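Enquirer: I'll drop the sequence and a predicted model, then ask my questions.
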Amino acid sequence: MVIEEIMNRNVFSLKESQTIADAIKVMQEKNIRHLPIVNNEEELTGIVSDRDIKDASPSILDTDPNKEVLQSPLYSIMKKEVITAHPLDFVEEISTIFYEQRISSIPIVDKRRVIGIVTETDMLHTLILLTGAHQPSSHIEVQVANVSGKLADITQIIRKRNVNIISVLVYPCSHDEQFKNIVFRIQTMNPTAVINDIKNEGYEVLWPNMSGVKK
């Protein structure tokens, strides 16, 4: 999946010369937390977050607040080193950037112009969609040897029950690199028969563990 499939195309941006007061108004009216900042050619030059606004705005507890601060131009508080993405970048690659850089939004840029924006909420929602966790289904985790063909083997076992596989994830075994764990979300609320079939083929089912104790 590429970023253009999940990005918000209805992007609100402001010019560098507009004020902090302008940004506060737009954020409140549009219920957003991030504003790309552009120059007169509509090219991205920075970004302002609600945290930047809070840090720059006078406190309501200040006995002599400097209201003139609100008329300061946005270029005076915007972050100029902006991490961006291209609409054809892959979602999983961008999710890594969110995690490693600890940021909460990424403007999507094509030829220096902002055509969309993706937030951490968008990424979380996409993860839910990709895993199928929002659908009535069952979750099964199987530990297999870390060799080729094991995913196909388990898939074939499930297929024999005519059960639809909604999603598949694979992650390494934390304590033994000779194994990997495969997570299936299948379209049934009673996975008992599928679990028994998998076990009968000699595979270890980590979840659900009928004994209630993981090995």
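Expert: Structure received. Not measured: the values here are computed from a predicted model. Residues are numbered from 1 along each chain as shown.

Enquirer: For Pro172, grab the count of nearby residues.
Expert: Neighbours of Pro172 under the rule other CB atoms under 10 Å: 11. Where you see a C-beta, it was placed from the backbone N, CA and C, and this is true even at glycine.

Enquirer: Just to check, it is in contact with Asn181?
Expert: Yes - if you go by CB atoms under 8 Å, Pro172 and Asn181 touch, sitting 7.5 Å apart.

Enquirer: Which residue ranges make up the domains of the chain?
Expert: Using automatic domain parsing, the domains assigned to the chain come out as 3-128, 134-207.

Enquirer: What segments of the chain are helices?
Expert: Secondary structure of the chain by DSSP state H: the helices cover 20-30, 50-56, 91-101, 120-131, 150-159, 192-200.

Enquirer: Which strands and helices lie in contact with the first one?
Expert: Helices and strands touching helix 20-30, as assessed by 3 or more CB pairs under 8 Å, 6 or more residues apart in numbering; DSSP states H and E, comprise strand 14-15, strand 34-38, helix 50-56.

Enquirer: The third one now?
Expert: Judged by 3+ CB pairs under 8 Å, 6+ apart, the packing partners of helix 91-101 are strand 105-110, helix 120-131.

Enquirer: ditto for the second one
Expert: Other helices and strands packing on helix 50-56, by 3+ CB pairs under 8 Å, 6+ apart, are helix 20-30.

Enquirer: Now do the helix it packs on: distance to the chain's middle.
Expert: 25 Å (CA atoms, centre = their mean, to the nearest Å).

Enquirer: likewise stretch 12-26?
Expert: The answer for stretch 12-26 is 26 Å, by CA atoms, centre = their mean.

Enquirer: ok, and for it, which residues are buried?
Expert: Using 16 or more other CB atoms under 10 Å as the test for burial, stretch 12-26 gives 12-15, 18-20, 22-24, 26.

Enquirer: Tell me which residues are up against that stretch.
Expert: Stretch 12-26 is contacted from outside by 30, 32, 35-40, 45-46, 48, 53, 56-57, 69-75, 77-78, 114, using CB atoms under 8 Å, 6 or more residues apart in numbering.
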